[in-house]
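A.B. asks: structure of the sequence below:
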Amino acid sequence: MTRGLEQAVAAGFALMVASHLLRPAVWRTFLSTLFQQPSGPLLMAMFTLPIALLLVIGHNDWRWTPAVIFTVYGWLAMFKSVMYLLWPETAERIIRRRLASPRFLYTAHCVAAGVAAGMCYAAFAV
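C.D. replies: Just a heads-up that it's a prediction; the model follows:
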């Protein structure tokens, strides 16, 4: 189960990162539109919370191996989901500021690509 969870999350995350890298304007428009609605952060949490819960509950392994990247990602996604659910105004303000900065988005996408590569390595190569 754990290996399958790692592979599913790695493949899904890699595809999402590729989409963000190849279509940044589409994503910027989508997220800008989404976060103009008061319910935008809640909708975003509906997508991130299930994956976060699966990782936190099903992959809460803190041993220093390449697979620890899934545990760290799960807890960070959980934190993000909780923030979006409990403090949507704060999340909306943060997202709007980040969307206004192309440099931030480029940096975030590069970091995400590195995380996706690490996930794919841990899930498929090790």
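
A.B. asks: now do the lowest-mean-pLDDT helix or strand in the chain: which elements does it pack against?
C.D. replies: Here the helix or strand of the chain ranked lowest by mean pLDDT, DSSP states H and E is helix 88-99, holding a mean of 89. Counting contacts by 3 or more CB pairs under 8 Å, 6 or more residues apart in numbering; DSSP states H and E, helix 88-99 packs against helix 24-34, helix 40-58, helix 68-86, helix 102-120. For glycine as for every other residue, the C-beta is placed from the backbone atoms N, C-alpha and C.

A.B. asks: mind listing what's buried along the last one?
C.D. replies: Counting neighbours by 16 or more other CB atoms under 10 Å, one finds that the buried residues in helix 102-120 are 105, 109, 112, 115-116, 118-120.

A.B. asks: regarding the chain, what is its longest helix?
C.D. replies: In the chain, assigned by DSSP state H, the helix with the most residues is helix 2-22.

A.B. asks: which residues sit in contact with the spatially most central residue of the chain?
C.D. replies: Geometric centre of the chain, nearest residue: residue 77, 6.1 Å, by CA atoms, centre = their mean. Contacts for residue 77 (CB atoms under 8 Å, 6 or more residues apart in numbering) come out as 48-49, 51-52, 55.

A.B. asks: low-confidence ranges in this protein?
C.D. replies: Scanning the chain for pLDDT under 70 picks out 1.

A.B. asks: and the buried ones among the contacts of residue 77, selectable in ChimeraX?
C.D. replies: Remark: buried members of the contacts of residue 77, expressed as a ChimeraX selection using 16+ other CB under 10 Å:
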select :48,49,51,52,55
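
A.B. asks: any idea which of the contacts of residue 77 is closest to residue 23?
C.D. replies: Comparing the contacts of residue 77 against residue 23 with CB to CB places residue 48 closest, at 19.6 Å.
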